[in-house]
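Q: 3D model of this:
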Amino acid sequence: RPDAAADRPVQPAMHLKRATLWGGNLSMLTSLLGTPYFPDIAGGVLFLEDVHEHPYRIERLLTQLLHAGVLARQKAVLLGQFTDFKLTPHDKGYRLQSVVDWLRTQIKAPVLTHLPFGHVATKVLLPVGATVSLSVQERDALGIPVVDYGNNIRQVAFDEGVKNAFDIPGFVPAYIRPLFCAGKGPFRWVALSGDPQDIDKTDARIKALFPENRHLHRWLDMARAP
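A: As a prediction, this is how the structure comes out:
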């Protein structure tokens with residue numbers, strides 16, 4: 001995935017309120033310029049991605065949007081993944097980061113990079129056409145829990161340059177393990193005796209010890225149900 005994202009992380013903290021989220025594939029969107037089918041959206045958050053396009057072609061497509069006045073009317077431009085191309089001698093070392101640096105000199109709106117959408121296996125879902133608020137902060141400072149649960153987010157983040165990506169906890173240790181430790185879940189106890197009836201005895205004993213804990217009783221009853 002050469003140049004799948006720009007070299008730099010997203011810009012520093014910023015906040016936008018009530019903007020229309022729109023965009024899509026850069027080359028497809030640009031092909032609609034001058035037709036009745038091009039979205040006429042001002043004050044929006046424009047997201048862009050593409051596949052099989054070299055950096056100089058991406059700049060050319062962005063230049064079309066720029067000269068058409070589209071980019072100047074946006075509150076922010078989000079760049080996702082630009083994948084599946086190989087740099088050739090004709091590129092002369094021109095990379096996606098060069099395009100990002102150029103774009104930031106052309107418009108006042110913030111240009112954000114390293115966003116997980118595009119022609120890639122692991123990506124976010126975007127509510128196209130929705131009115132959204134955009135907040136860019138450090139993950140921990142923002143206070144949003146982030147976990148890895150089969151989505152490979154840690155490895156993807158590490159590959160994109162997040163050095164402490166593996167500090168992100170797994171969902172099971174972070175959320176499921178504490179429930180199991182309290183007897184809440186289908187896998188409640190370990191009977192070292194190997195006798196399944198000892199599990200039933202443990203369930204009964206726990207119910208007697210915590211008669212007021214209806215939530216725990218519900219878990220135990222559900223686990224025993226056929």
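
Q: tell me where the model's unsure across this structure.
A: Along the chain, segments meeting pLDDT under 70 span 1-15, 136-144, 183, 185-186, 225-226.

Q: domain-wise, how is it divided?
A: Annotated domains of the chain cover 14-136, 182-224 [automatic domain parsing].

Q: in the protein, where's the longest strand?
A: Identified as the longest strand of the chain according to DSSP state E is strand 14-25.

Q: list the buried ones in that strand?
A: If you call a residue buried by 16 or more other Cβ atoms under 10 Å, then strand 14-25 has these buried ones: 16, 19, 20, 21, 22, 23, 24, 25. For glycine as for every other residue, the C-beta is placed from the backbone atoms N, C-alpha and C.

Q: nearest to residue 184, out of these: which one, please.
A: The shortest gap between residue 184 and any of the buried residues of strand 14-25 belongs to residue 21, at 37.8 Å (Cβ to Cβ).

Q: residue contacts, that closest one?
A: Under the criterion of Cβ atoms under 8 Å, 6 or more residues apart in numbering, the contact list for residue 21 reads 44, 45, 47, 126, 127, 128, 129, 130, 131, 132.

Q: how about a cut-off of 7 Å?
A: Residues in contact with residue 21 (Cβ atoms under 7 Å, 6 or more residues apart in numbering) are 44, 45, 47, 126, 127, 128, 129, 130, 132.

Q: over to residue 222?
A: Taking Cβ under 7 Å, 6+ apart, we find residue 222 in contact with no residue.

Q: which SSE is it in?
A: Assigned by DSSP states H and E, residue 222 falls within helix 214-224.

Q: and residue 80, by the same measure?
A: Secondary structure from DSSP H and E places residue 80 in strand 76-83.

Q: quick revisit: as a markdown table, the domains of the chain with distance to residue 148 would be great.
A: A markdown table is the format used below for those (distance: least, Cβ to Cβ, whole Å):
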| stretch | distance to residue 148 |
| --- | --- |
| domain 14-136 | 11 |
| domain 182-224 | 20 |
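
Q: still on that earlier bit, run the chain-centre distance for the longest strand of the chain.
A: The chain centroid and the centroid of strand 14-25 are separated by 15 Å under Cα atoms, centre = their mean, to the nearest Å.

Q: would you mark the buried spots in the first helix or strand past it going along the chain?
A: The helix or strand immediately downstream of strand 14-25 is helix 26-30, counting by DSSP H and E. By neighbour count on 16+ other Cβ under 10 Å, the buried set for helix 26-30 is 26, 27, 29, 30.

Q: check stretch 56-73 too.
A: For stretch 56-73, a neighbour-count test (16+ other Cβ under 10 Å) marks 57, 58, 59, 61, 62, 64, 65, 66, 70, 71 as buried.
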